[in-house]
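Peer 1: I would like the atomic coordinates for the input below:
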Amino acid sequence: MSLYSETFYARELSELFSDRNAIAQLLKVEAALAMAQGEVGIIPESAAKIISDCCVVDAIDQISLKNDIVLGGNAAIPLVKQLTKVIKNQDFEASKHVHLGATSQDIIDTATILTIKEYVVWLDKKLNSLQDALLSLTKEHVQTLMMGRTLLQQAKPMTFGVKTAGWLESIARSKNRLSELKDRLFCIQLGGAVGCGNDSITAEVQEAFAKKLDLNQSFPWQSQRDSLVEFASFLGMLSASMGKIAKDISLLMQTEVAEVFEGAAEGKGGSSTMPHKRNPVGCALILSNAIRTPGLVATMLSAMPQEHERSAGLWHAEWETLTQLMNLTSGSLVKSVDLISNLEVDKERMLQNIEITNGLIYAEKVSLHLSKSLGKMQAHESVKKACTIAIQKQKHLKDVVLEMHSQIENIEELFKPENAIGNSVSWVETILKKYS
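Peer 2: Numbering: from 1, shown residues only. As a prediction, the model looks like this:
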């Protein structure tokens, strides 16, 4: 943890990623293993119950455990030693059956999946909140006129609803991706030393073990990391989608544009030297997380080609990488929900910005209209020339076009923003029906 942990991460998930919970998940897996083996008759059920009853966090010396991880190379080795000692003090015979037939990776990987599963429950709810906020924002701005911009330049009018509907669609696709990967991800890892099982790790034990943990039974995947990498890639895409939203809003919040603003709050977005400033601090934090996640996803991808049945280093590289990815994504999600829910939109400013080019943004509309009589290429060249003249003489494009083509009727209609937004309204209404 650092000074900035609560700045970039989701405070409400601090317990999920705490040392205490990490140990609790490992113990939950050890307990499930013993109970599964007891259920199928590999160990006495009485011993399984004693083992399960002893799998409590307070029985473990966390400081000693963390110190000993360095010696063993993973948390399972010192944990099993401590757990065995605790059980031996209660029942010597039961202590003989702790961690029977399993390998450290079985316990660690399955505990990781349990943590991810809890995280995904939280993630689902927050994604629903973000989608609802985007849906509400889009409904409000179906017909709100604004400038569409390409390559950071004014292009042609659209509606703010088109922009927010695009944000909405990206988050909805992320929800679908998350739903699709759950079955592949929520699987036990239980294969023993090299993944081929043994007398204590049988198919029956795997089935009982999976059932007790409410996970899917699975062929051992200790050096096949595609499901975890798929999840990591999903987190990277979700973080980037939220980064896209934050980038758009931060640009629209620039002084010269001033079309939308993060919700105001006491002490939010201020400057240490410039009292007038209203900085896009929420957007900045979401973007900072989006910038960090691709490297973490790349680390997970780099760790995929693991040697034989257990990797020296590549498996280990995943542990904190995946935790950081989950923390960064959750932090962005919390901030994105707040950002969208409290977004301030200045419709009048949007209309004002439409007019700052002296009508140049309607050039496409005029060209299409003239093409009916002049042909496409001739109309395009004529309007291009009109734009050049308008810029040079600082005249409105409408006046220049009238001078060049006095025969045009109802030219005013070509220079109304509501007539230049294409299918904005109907397309957004289609999206709204999809999610309402």
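Peer 1: Just to be sure, Ala172 is in a helix?
Peer 2: Yes: assessed with DSSP: H, G, I helix; E, B strand; the rest coil, Ala172 lies in a helix.
Peer 1: Find the residue closest to it in space, skipping its chain neighbours.
Peer 2: Once flanking residues are discounted, Ala172 sits nearest to Gln131: 6.1 Å by Cβ to Cβ, 6 or more residues apart in numbering. All C-beta atoms are positioned from the backbone trio N, CA, C, and that covers glycine.
Peer 1: The one you found: neighbouring residues, count only.
Peer 2: For Gln131, the neighbour count with other Cβ atoms under 10 Å is 20.
Peer 1: tell me which element it is part of?
Peer 2: helix 104-140 (DSSP states H and E).
Peer 1: helices or strands up against that helix?
Peer 2: helix 19-39, helix 76-88, helix 160-185, helix 314-341, helix 424-435 (3 or more Cβ pairs under 8 Å, 6 or more residues apart in numbering; DSSP states H and E).
Peer 1: hang on, the residue nearest to Ala172 packs against Leu168?
Peer 2: Yes: Gln131 is in contact with Leu168 according to Cβ atoms under 8 Å; the separation is 6.7 Å.
Peer 1: Who are the contact partners of Asn315?
Peer 2: Wrong residue type there; residue 315 is Trp, not Asn. Gln105, Gln222, Ser223, Arg225, Ala303, Gln306 (Cβ atoms under 8 Å, 6 or more residues apart in numbering).
Peer 1: Against Ala317, how distant is the residue nearest to the third one when sequence neighbours are not counted?
Peer 2: It refers to Ser223. With Cβ to Cβ, 6+ apart as the criterion, Ser223 has its nearest non-adjacent residue at 4.2 Å, and that residue is Gln306. Look at Gln306 and Ala317: by Cβ to Cβ, to the nearest Å, they are 10 Å apart.
Peer 1: out of those two, which sits in the busier spot?
Peer 2: Gln306 (18 against 15).
Peer 1: and that one, what does it touch?
Peer 2: The contact partners of Gln306, taken as Cβ under 8 Å, 6+ apart, are Ser223, Arg225, Leu314, Trp315.
Peer 1: ok, back up a step: farthest pair in the contacts of Trp315?
Peer 2: Farthest apart among the contacts of Trp315 by Cβ to Cβ are Gln105 and Ala303. That separation is 13.7 Å.
Peer 1: These two: which has the busier surroundings?
Peer 2: Gln105 (24 against 21).
Peer 1: Is that one in contact with Pro220, as I believe?
Peer 2: No: assessed by Cβ under 8 Å, Gln105 is found out of contact with Pro220, at 9.1 Å.
Peer 1: where do the contact lists of the two overlap?
Peer 2: Each of Gln189 lies in contact with both Gln105 and Pro220 under the rule Cβ under 8 Å, 6+ apart.
Peer 1: for the stretch 251-400 of the chain, what spans make up the strands?
Peer 2: Counting by DSSP state E, counting those that start in this stretch, one finds strands in the stretch 251-400 of the chain at the ranges 260-261, 344-345.
Peer 1: Could you report the distance from Trp427 to Lys434?
Peer 2: 11 Å.
Peer 1: Quick one: end-to-end distance for stretch 71-80.
Peer 2: Length of stretch 71-80, first residue to last, Cα to Cα, to the nearest Å: 14 Å.
Peer 1: Just the buried residues of it, please?
Peer 2: Ala75, Ala76, Ile77, Pro78, Leu79, Val80 (16 or more other Cβ atoms under 10 Å).
Peer 1: Surely the first one is in contact with Gln62?
Peer 2: No: contact criterion Cβ under 8 Å: Ala75 and Gln62 do not qualify, at 10.6 Å.
Peer 1: which stretches of this protein have low pLDDT?
Peer 2: The chain contains residues with pLDDT under 70 at 1, 265-277.
Peer 1: what comes into contact with stretch 286-296?
Peer 2: Contacts with stretch 286-296, where a contact means Cβ under 8 Å, 6+ apart, come from 8, 232, 235-236, 239-240, 242-243, 245-247, 250, 321, 324-325, 328-329, 331-332, 335-336, 339.
Peer 1: can I assume Met147 sits in a strand?
Peer 2: Yes: under three-state DSSP, Met147 sits within a strand.
Peer 1: out of Trp427 and Lys434, which sits in the busier spot?
Peer 2: More crowded of Trp427 and Lys434, by other Cβ under 10 Å: Trp427, with 16 against 12.
Peer 1: ok, that one to Ala258 distance?
Peer 2: For Trp427, the distance to Ala258 (Cβ to Cβ) stands at 27 Å.
Peer 1: do the same with Leu33
Peer 2: Applying Cβ to Cβ to Leu33 and Ala258 gives a distance of 60 Å.
Peer 1: What of Thr202?
Peer 2: 67 Å.
Peer 1: between these two, who's got more neighbours?
Peer 2: Neighbour totals were compared for Thr202 and Ala258, and Thr202 leads with 18 against 15 (other Cβ under 10 Å).
Peer 1: pretty sure the more buried one contacts Gly41?
Peer 2: No: contact status for Thr202 versus Gly41: not in contact, 10.4 Å apart, counting by Cβ under 8 Å.
Peer 1: Show me the domain layout of this structure.
Peer 2: 5-351, 360-414 (automatic domain parsing).
Peer 1: right, and these - which one's nearest Asn423?
Peer 2: For Asn423, the closest of the domains of the chain is domain 5-351, at 9.0 Å, according to Cβ to Cβ.
Peer 1: Span of the closest one from start to end?
Peer 2: Chord length of domain 5-351, first to last residue, is 41 Å (Cα to Cα).
Peer 1: for that domain, the distance to its chain's centre please.
Peer 2: Relative to the chain's own centre, domain 5-351 is displaced by 9 Å; criterion: Cα atoms, centre = their mean, to the nearest Å.
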